[in-house]
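*Asks:* build me a model from this:
(one chain, ligands or ions: 2)
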Amino acid sequence: MGTDDQFRMTPQREVILEELERVDSHPTADEIYEMVRERLPRISLGTVYRNLETMAERGMIRKLEVAGRKKRFDGRAGEHYHVRCLECGRVGDIDRVRGLDALTRCRKLAGYQIKGYRLEFVGYCPACAGGS
Ligand SMILES: [Zn+2]
Ligand SMILES: [Zn+2]
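*Replies:* Numbering: from 1, shown residues only. Ligands and ions are numbered 1, 2, ... in the order given. Next up is the predicted model:
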């Protein structure tokens with residue numbers, strides 16, 4: 001997060017951030033809207049969308065670029081991997097694993113100025129895999 005005077009932490013943004021940090025489900029903008037609306041009944045969907053985009057640009061939250069149909073957001077700003085269930089679409093977190101560090105390795109190999117990476121695992125979540 002930079003020290004940009006242009007960006008103000010409005011009460012709306014604070015609520016959005018709090019709600020997003022409370023869950024690890026990587027909710028869509030519509031889901032976040034439903035969560036936020038319980039605390040700010042008069043907020044509009046457009047306001048939630050705009051704030052999510054701005055906060056993602058600022059690096060306060062992450063916007064997931066997963067193959068799913070809807071954009072999902074993440075209150076956990078640090079780099080980590082994601083795994084998406086092929087059955088129900090649920091998205092989980094995977095901590096960075098050493099030796100699987102794509103960023104460091106690719107930076108050396110590609111000769112590009114790499115600013116980040118997107119990596120997505122796919123599979124079946126415990127509920128969909130059916131246990132045993
Ligand atoms: Zn699933
Ligand atoms: Zn995540």
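*Asks:* doesn't residue 84 fall inside a strand?
*Replies:* Yes - read with DSSP: H, G, I helix; E, B strand; the rest coil, residue 84 is one of the residues of a strand.
*Asks:* measure how buried it is and give me the count.
*Replies:* Neighbourhood size, residue 84 [other C-beta atoms under 10 Å]: 21. From N, CA and C alone the C-beta is placed, and that goes for glycine too.
*Asks:* which helix or strand in this protein has the lowest average pLDDT?
*Replies:* helix 102-110 (a mean of 67; mean pLDDT, DSSP states H and E).
*Asks:* next secondary structure element downstream of that one?
*Replies:* Following helix 102-110 in sequence order, the next helix or strand is strand 120-123 (DSSP states H and E).
*Asks:* parallel or antiparallel, which strands does that next one pair with?
*Replies:* strand 81-85 (parallel) (DSSP bridges).
*Asks:* contacts for the partner strand?
*Replies:* With contacts defined as C-beta atoms under 8 Å, 6 or more residues apart in numbering, strand 81-85 is touched by 26, 64, 66-68, 90-97, 119-125, 128.
*Asks:* which other residues reach stretch 14-32?
*Replies:* Stretch 14-32 has contacts (C-beta under 8 Å, 6+ apart) with 35-36, 39-40, 45, 48-49, 51-52, 55, 60-61, 64, 70-76, 82, 90-93.
*Asks:* just the buried members of the residues you listed?
*Replies:* 35-36, 40, 48, 51-52, 55, 60-61, 64, 71-75, 82, 90-92 (16 or more other C-beta atoms under 10 Å).
*Asks:* ok, which of the residues you listed also contact ligand 2?
*Replies:* residue 74 (C-beta under 5 Å from the ion).
*Asks:* quick one, phi psi at the residue nearest the centre of the chain?
*Replies:* Central residue of the chain (C-alpha atoms, centre = their mean): residue 74, 2.5 Å from the mean position. Backbone torsions of residue 74, given as degrees, to the nearest 10, read phi -140, psi 120.
*Asks:* residues contacting it?
*Replies:* By C-beta under 8 Å, 6+ apart, the neighbours of residue 74 are 20, 26, 61-64.
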